[in-house]
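**Student:** Below is the sequence, then the predicted model.
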Amino acid sequence: MSRVLLITPTYQEAQNIEEFLKRARVGLPEADILVVDDNSPDGTADLADAAAISLGQIEVLRRPGKAGLGNAYRAGFAIGLARGYEVLVQIDADLSHDPAVLPQLIAALDAGADLAIGSRYVPGGSIPNWPARRRALSKYGNAYTGFMLRTGVADATAGFRAYKAEVLRLIDYSATRSKGYGFQIETAYRVAKTGSKIVEVPITFTDRVRGHSKMSLAVMVEEMIMVSWWGIRDRVLGRNYNSQE
């Protein structure tokens with residue numbers, strides 16, 4: 001099996017981190033886990049360190065302050081690639097991503113995918129208990145992203161995904177600029193633009209039951225502005241995704 005690193009950014013996840021780490025260890029026992037914590041005042045990092053003693057193969061990266069989801073993943077990718085991991089996985093610690101699906105994502109890579117995305121919007125995927133308004137915003141936001149960026153991905157905003165190390169190097173992940181949830185769109189876009197193979201694996205996305213979501217309408221609007229600019233820049237102005245201005 002490929003060497004796999006699970007990367008999970010955390011901020012204020014004390015209510016979920018221990019259960020998440022237990023499930024992740026069961027879901028993919030061979031994987032190492034990197035918790036990237038942005039100085040959570042609720043003691044998330046301390047709880048993760050305590051869990052590491054009993055579960056093993058868990059490391060906690062303590063950062064000085066809240067720097068955003070994109071920055072957390074860039075830090076995790078840098079560590080994983082420097083240490084020679086062959087597969088790097090993004091997964092949330094709030095239990096919305098079921099670690100039992102991890103073997104399916106890895107299997108998709110083994111079958112030839114460069115990026116495997118746990119998708120809510122392919123046949124078999126679902127989002128139980130989401131209100132209609134939130135479901136519509138997410139679905140049509142993804143449809144707009146697909147139209148503007150032509151990624152061919154139904155769920156470009158999904159945060160549950162596995163990358164081959166080679167594709168992260170190919171897209172120059174360190175040059176991405178998104179600090180928040182737009183990081184998911186930006187990396188999927190970069191992978192699509194290289195012609196690398198993206199496979200979507202259906203998942204059931206379970207909304208968090210403890211703690212508070214970091215997603216908001218303002219974040220979604222910011223994402224759509226960013227997507228609009230990338231689409232205009234690349235399709236109308238004829239510049240490529242590496243242009244960051």
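**Tutor:** Yes, it's here. The structure displayed is predicted, hence computed values, not measured ones.
**Student:** what about the longest helix in this structure?
**Tutor:** helix 132-149 (DSSP state H).
**Student:** and for whichever helix or strand comes after it, what are the contacting residues?
**Tutor:** For helix 132-149, the following helix or strand on the C-terminal side (DSSP states H and E) is strand 161-164. With Cβ atoms under 8 Å, 6 or more residues apart in numbering as the test, strand 161-164 has contacts from 4, 86-90, 102, 105-106, 108-109, 113-118, 184, 187, 191. Every residue, glycine included, has its C-beta placed from N, CA and C.
**Student:** Just the residues you listed: which are in helices?
**Tutor:** Those of the contacts of strand 161-164 mapping onto helices are 102, 105, 106, 108, 109, 184, 187, 191, per DSSP H.
**Student:** Closest to residue 165 out of these?
**Tutor:** In terms of Cβ to Cβ, no member of the ones in helices among the contacts of strand 161-164 lies closer to residue 165 than residue 109, at 10.3 Å.
**Student:** for that closest one, what are its contacts?
**Tutor:** So residue 109 contacts 2, 87, 116, 162, 164 (Cβ under 8 Å, 6+ apart).
**Student:** likewise residue 83?
**Tutor:** Listed by Cβ under 8 Å, 6+ apart, the contact partners of residue 83 are residue 5.
**Student:** ok, the residue nearest the centre of the chain to residue 195 distance?
**Tutor:** For the chain, residue 159 is the residue whose C-alpha lies nearest the centre (Cα atoms, centre = their mean; 3.0 Å). From residue 159 over to residue 195 the distance is 23 Å, taken as Cβ to Cβ, to the nearest Å.
**Student:** For residue 149, the count of nearby residues, please.
**Tutor:** Residue 149 has 23 neighbouring residues, counting by other Cβ atoms under 10 Å.
**Student:** For the protein, which segments count as strands?
**Tutor:** Remark: strands assigned in the chain by DSSP state E are 4-10, 32-37, 58-62, 87-90, 115-119, 161-164, 198-202.
**Student:** Compute the inter-axis angle for the longest one and strand 58-62.
**Tutor:** This points to strand 4-10. Put simply, strand 4-10 runs at 40 degrees to strand 58-62, going by axes from the mean of the first three to the mean of the last three Cα atoms, to 10 degrees.
**Student:** send the alpha carbons of strand 4-10 over as CSV?
**Tutor:** Below are the C-alpha coordinates for strand 4-10, written out as CSV (Å, rounded to 0.1, in the frame of the first residue of the first chain):
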residue,chain,number,x,y,z
VAL,A,4,-0.6,7.8,3.1
LEU,A,5,-0.8,11.0,5.2
LEU,A,6,-4.2,12.3,6.4
ILE,A,7,-4.1,16.0,6.9
THR,A,8,-6.9,17.6,9.0
PRO,A,9,-6.9,21.3,9.8
THR,A,10,-8.5,22.2,13.1
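**Student:** who does that strand touch, helix- and strand-wise?
**Tutor:** Judged by 3 or more Cβ pairs under 8 Å, 6 or more residues apart in numbering; DSSP states H and E, strand 4-10 is in contact with helix 17-27, strand 32-37, helix 44-55, helix 69-82, strand 87-90.
**Student:** Which neighbours in the sheet does it have, and how are they oriented?
**Tutor:** strand 32-37 (parallel), strand 87-90 (parallel) (DSSP bridges).
**Student:** Am I right that residue 23 is in contact with residue 95?
**Tutor:** Yes. With contact defined as Cβ atoms under 8 Å, residue 23 reaches residue 95; the gap is 7.4 Å.
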